[in-house]
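Peer 1: Curious how this folds, go ahead:
(chains A and B)
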Amino acid sequence: AQTVTQSQPEMSVQEAETVTLSCTYDTSESDYYLFWYKQPPSRQMILVIRQEAYKQQNATENRFSVNFQKAAKSFSLKISDSQLGDAAMYFCAYRSPYGQNFVFGPGTRLSVLP
Amino acid sequence: GAVVSQHPSWVICKSGTSVKIECRSLDFQATTMFWYRQFPKQSLMLMATSNEGSKATYEQGVEKDKFLINHASLTLSTLTVTSAHPEDSSFYICSARAAAGRASTDTQYFGPGTRLTVL
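Peer 2: Now for the predicted structure:
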């Protein structure tokens, strides 16, 4: 079974600075999907970014980018120019191409300091 | 696009009553819907997976007779908590996976969640 680990329960960043959230996973599959979801205080889960494992190029969405290291089974999220609205819980998730459900990590609570 | 709604957003009920939570995909057809439970400051725990027109698949430890799931159409799934007790109080979130079309079929789109409080 796949597992997802987020080793940083809490992180903080100064507004306008850059922060990196860590995620590692364990799988024996060669093809899969990885996601970062954001859950603000409203608790609505919001998709931040997704990565297909067969793609070597790291995904980027505006200020959000990932560092996908397939051999190391690492999938970190970098947030550039942090904004107050980025404060939230961030969940890393794994999806097998053969299954439908996600495996979520325990989450990292990000605080943005003004 | 790819909006999922949940109703109600919060509900308070007495112990022993049943509560129904609806999950709707508003602008896409969902072949599969998922129900999660989230305790405070914890991650999402998958309860069950439902495919339209078939029985839900429950995760280990989830009582299927207590948490009834119906996926009657490609846009609607319901979760009924039967004979609710205080320990069932939690935040329930649904998500939907799109059929082929505009929305990505590889991504789950989440509803805003329902906070259930059982007195």
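
Peer 1: what about residue A:79, distance to chain B?
Peer 2: 20 Å (C-beta to the nearest C-beta, to the nearest Å). Backbone N, C-alpha and C define where each C-beta goes, glycine included.

Peer 1: before we move on, what about residue A:92?
Peer 2: Distance, residue A:92 to chain B, using C-beta to the nearest C-beta: 10 Å.

Peer 1: ok, which stretches of chain B are strands?
Peer 2: Assigned by DSSP state E, chain B shows strands spanning B:4-7, B:10-13, B:19-25, B:30-38, B:44-51, B:57-58, B:67-73, B:76-81, B:90-98, B:108-110, B:114-118.

Peer 1: show me what contacts residue 88?
Peer 2: Unless you meant another one, I'm taking chain A. Taking C-beta atoms under 8 Å, 6 or more residues apart in numbering or on different chains, we find residue A:88 in contact with A:38, A:39, A:40, A:41, A:109, A:110.

Peer 1: that's the wrong chain, I meant chain B
Peer 2: Applying C-beta under 8 Å, 6+ apart as the definition, the contact partners of residue B:88 turn out to be B:66, B:81, B:116, B:118.

Peer 1: And for the nearest residue to residue A:52 once chain neighbours are set aside, the neighbour number?
Peer 2: If the residues on either side of it in the chain are set aside, residue A:52 comes closest to residue A:33, at 5.8 Å by C-beta to C-beta, 6 or more residues apart in numbering or on different chains. Per other C-beta atoms under 10 Å in any protein chain shown, the neighbour tally for residue A:33 reads 18.

Peer 1: can you redo the strands of chain B as a markdown table with mean pLDDT, distance to residue A:74 and mean neighbour count?
Peer 2: What follows is the strands of chain B, written out as a markdown table (pLDDT from 0 to 100; distance: least, C-beta to C-beta, whole Å; neighbours: other C-beta atoms under 10 Å in any protein chain shown):
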| stretch | mean pLDDT | distance to residue A:74 | mean neighbour count |
| --- | --- | --- | --- |
| strand B:4-7 | 95 | 30 | 18 |
| strand B:10-13 | 96 | 38 | 14 |
| strand B:19-25 | 96 | 33 | 21 |
| strand B:30-38 | 91 | 25 | 24 |
| strand B:44-51 | 92 | 22 | 21 |
| strand B:57-58 | 92 | 31 | 17 |
| strand B:67-73 | 91 | 35 | 17 |
| strand B:76-81 | 96 | 34 | 21 |
| strand B:90-98 | 92 | 25 | 24 |
| strand B:108-110 | 88 | 22 | 25 |
| strand B:114-118 | 96 | 34 | 19 |
